[in-house]
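Colleague: below are the sequence and a predicted model for it; my questions follow.
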Amino acid sequence: MKNNRVHIFIFLILGSVFVTSSLHSKRGGKQKEKQLANEILQQACNYLSSKQFSDGSWRSDEYGLLKSGQSLTPFILDAYLDTPFQKSHKHNQLIEKSINFLRQKNNHGVHGKCDPEFLDYPNYSTSYALRCFLKFGQEKDDKKIKKMIQYLQDQQFSEKYGFDLNSPPYGGWGFGINQKPTLGSFVDLAHTRRVLQSLNHANAITNQIKNRSEYFLNRLQKRKQAPNNYRTNWVPKYGYDGGFFSSPTIAYANKGRTRIDQNSGQEYFRSYSTATCDGVLSIIALGYQSSSQEIKDAKLWLKQNQDWELPSGVPRDDPAPWAESMKLYNLMVFSETYCALEIPGNWKNKIIHFLAQRQRSDGSFLNMEGKLMKEDDPLISTTYAIIALNHILTSS
């Protein structure tokens with residue numbers, strides 16, 4: 001009897017040792033992953049700081065349209081502002097120089113239009129610039145901020161410019177060139193979600209803007225249950241899967257391409273990961289909760305179509321290699337969306353190791369197959385990686 005007690009006692013001690021060791025191992029593993037993510041992020045930030053021009057801008061060496069610095073600078077600065085590092089004097093100097101550059105390029109509340117012959121993504125530029133001024137602006141920037149808000153609100157395709165409920169672009173945002181109600185009015189989810197997120201940061205989404213936006217987003221999501229409200233007059237009868245495509249007017253903007261429904265023989269746009277993430281982030285910017293049917297449907301699609309190497313839903317045999325061109329954009333939007341939805345799993349580790357294997361010796365990232373999405377520009381690819389890591393490191 002005594003020997004049995006001794007054996008039980010020894011067994012309990014050994015068991016507690018193994019359990020404790022296992023717990024320490026898991027904690028140690030998480031700590032190592034976090035440390036690795038921080039190292040990747042620090043090197044990437046060092047690379048970007050080394051590429052800043054003396055006037056505070058970032059300018060592309062690869063693409064003429066991005067050489068003005070009007071769109072790249074606020075895009076990069078916004079990512080830089082969100083890094084979870086203790087801000088050093090050098091870091092603060094970098095930010096101040098960039099903000100001053102943006103102040104100089106603010107053309108009556110609009111960014112990207114300083115050169116009327118070469119527009120530099122006005123809606124993108126203004127959206128990111130607004131976020132930068134909201135985070136780091138001063139009292140003297142208040143008028144600029146109000147003008148930027150007004151500009152972005154006015155850029156929504158609406159009744160004011162001849163768009164009605166039957167117009168496919170209605171409720172969305174486009175490039176920012178013009179607002180004429182033509183079939184060629186460029187509109188997509190990527191522009192729409194950037195504007196909505198920026199207006200959300202500024203607390204400037206009115207009920208009217210929200211209603212129009214919901215109408216637009218309902219056009220692009222293949223809902224599993226047809227929306228039952230007055231705003232929706234376009235409900236697909238095929239291709240339901242909960243995901244999103246990108247544009248109701250520009251076929252080539254839909255990287256998932258089309259598929260024929262086996263039952264009806266009808267052609268429809270396929271859902272794909274980057275559009276679905278942009279759609280979810282747009283809905284969240286409008287104030288939707290995770291319990292909403294829209295987010296539930298999209299979340300289920302994302303969980304069933306996880307791929308860290310290439311964006312899901314984009315055909316691998318497409319003559320235009322869109323899947324290969326969006327590797328880092330795909331990781332970025334997945335990280336943003338999964339963090340926003342608090343989706344559990346080891347996806348953070350997968351992204352960290354994916355990036356660790358691809359970071360170059362100078363700290364940058366480059367997708368040599370990414371010309372279609374400009375991921376062959378290290379300034380763009382590196383910023384995508386930084387945004388993904390920012391979300392991973394700052395989420396619970």
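Modeller: Noted; the coordinates are in hand.
Colleague: rest of the way, CA atoms for contacts and neighbours
Modeller: Fine.
Colleague: now do the helices in the stretch 1-150 of the chain.
Modeller: With helices called from DSSP state H, counting those that start in this stretch, the stretch 1-150 of the chain shows them at 2-50, 72-81, 89-104, 122-136, 142-154.
Colleague: pretty sure residue 77 contacts residue 95?
Modeller: Yes: using C-alpha atoms under 8 Å, residue 77 is in contact with residue 95, at 7.0 Å.
Colleague: so which of those two has more stuff around it?
Modeller: Using other C-alpha atoms under 10 Å as the criterion, residue 77 and residue 95 rank with residue 77 on top: 23 against 20.
Colleague: separation between that one and residue 58?
Modeller: Distance of residue 77 to residue 58, given as C-alpha to C-alpha, to the nearest Å: 9 Å.
Colleague: same thing with residue 195?
Modeller: In this view, residue 195 and residue 58 are 21 Å apart by C-alpha to C-alpha.
Colleague: neighbour count: those two, which is higher?
Modeller: The neighbour comparison of residue 195 against residue 58 (other C-alpha under 10 Å) goes to residue 195, with 30 against 27.
Colleague: ok, and what's touching the host helix or strand of the more buried one?
Modeller: Element membership for residue 195, per DSSP states H and E: helix 189-201. Contact with helix 189-201 is made by 123-124, 127-128, 130-131, 134, 149, 152-153, 172-175, 205, 246-247, 275, 278-279, 281-282, 285-286, as judged by C-alpha atoms under 8 Å, 6 or more residues apart in numbering.
Colleague: shaky segments in the stretch 1-150 of the chain?
Modeller: Within the stretch 1-150 of the chain, the stretches with pLDDT under 70 are 1-29.
Colleague: same check on the stretch 201-350 of the chain?
Modeller: Looking along the stretch 201-350 of the chain with the criterion set at pLDDT under 70, you get 224-239, 264.
Colleague: same thing but at 90, please
Modeller: Applying pLDDT under 90 to the stretch 201-350 of the chain flags the ranges 218-219, 222-242, 248-252, 258-269, 306-309, 344-345.
Colleague: ok, which stretches of it are helices?
Modeller: Under DSSP H, counting those that start in this stretch, the stretch 201-350 of the chain gives helices at 207-220, 273-285, 293-304, 322-325, 327-341, 347-356.
Colleague: pull the residues that contact the shortest one.
Modeller: Identification of contacts with helix 322-325 by C-alpha under 8 Å, 6+ apart yields 255, 310-311, 314-316, 367, 369-375.
Colleague: dump the residues you listed to TSV, plus distance to residue 326 and neighbour count.
Modeller: Formatted as TSV, the contacts of helix 322-325 follow (distance: C-alpha to C-alpha, whole Å; neighbours: other C-alpha atoms under 10 Å):
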residue	distance to residue 326	neighbour count
255	10	27
310	7	20
311	7	28
314	10	23
315	12	18
316	12	15
367	9	21
369	9	17
370	6	21
371	9	16
372	8	14
373	6	20
374	9	19
375	7	24
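Colleague: relative to residue 102, which of those residues is nearest.
Modeller: residue 374 (22.6 Å; C-alpha to C-alpha).
Colleague: ok, so what distance separates the closest one from residue 384?
Modeller: Look at residue 374 and residue 384: by C-alpha to C-alpha, they are 11 Å apart.
Colleague: can you get me a residue count around residue 348?
Modeller: Residue 348: 22 surrounding residues under other C-alpha under 10 Å.
Colleague: so it sits against residue 393, correct?
Modeller: No: Residue 348 is not in contact with residue 393 according to C-alpha under 8 Å; the separation is 9.2 Å.
Colleague: returning to that earlier point: who wins for proximity to residue 293 among the helices of the stretch 1-150 of the chain?
Modeller: Set against residue 293 and scored by C-alpha to C-alpha, the helices of the stretch 1-150 of the chain come closest in helix 142-154, at 26.7 Å.
Colleague: who does the closest one touch, helix- and strand-wise?
Modeller: Identification of packing neighbours for helix 142-154 by 3 or more C-alpha pairs under 8 Å, 6 or more residues apart in numbering; DSSP states H and E yields helix 122-136, helix 189-201.
Colleague: buried stuff in the last one?
Modeller: Same thing as helix 189-201. 189-200 (16 or more other C-alpha atoms under 10 Å).
Colleague: what does the longest one give?
Modeller: For helix 122-136, the buried set under the neighbour-count rule, 16+ other C-alpha under 10 Å, comprises 122-134.
Colleague: could those residues go into a markdown table alongside distance to residue 321?
Modeller: Converted to a markdown table, the buried residues of helix 122-136 look like this (distance: C-alpha to C-alpha, whole Å):
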| residue | distance to residue 321 |
| --- | --- |
| 122 | 27 |
| 123 | 26 |
| 124 | 24 |
| 125 | 26 |
| 126 | 29 |
| 127 | 28 |
| 128 | 28 |
| 129 | 31 |
| 130 | 33 |
| 131 | 32 |
| 132 | 33 |
| 133 | 36 |
| 134 | 37 |
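Colleague: ok, back up a step: could the contacts of helix 322-325 be laid out in JSON lines, adding distance to residue 338?
Modeller: Formatted as JSON lines, the contacts of helix 322-325 follow (distance: C-alpha to C-alpha, whole Å):
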{"residue": "255", "distance to residue 338": "21"}
{"residue": "310", "distance to residue 338": "16"}
{"residue": "311", "distance to residue 338": "15"}
{"residue": "314", "distance to residue 338": "19"}
{"residue": "315", "distance to residue 338": "23"}
{"residue": "316", "distance to residue 338": "24"}
{"residue": "367", "distance to residue 338": "23"}
{"residue": "369", "distance to residue 338": "25"}
{"residue": "370", "distance to residue 338": "23"}
{"residue": "371", "distance to residue 338": "26"}
{"residue": "372", "distance to residue 338": "25"}
{"residue": "373", "distance to residue 338": "22"}
{"residue": "374", "distance to residue 338": "24"}
{"residue": "375", "distance to residue 338": "22"}
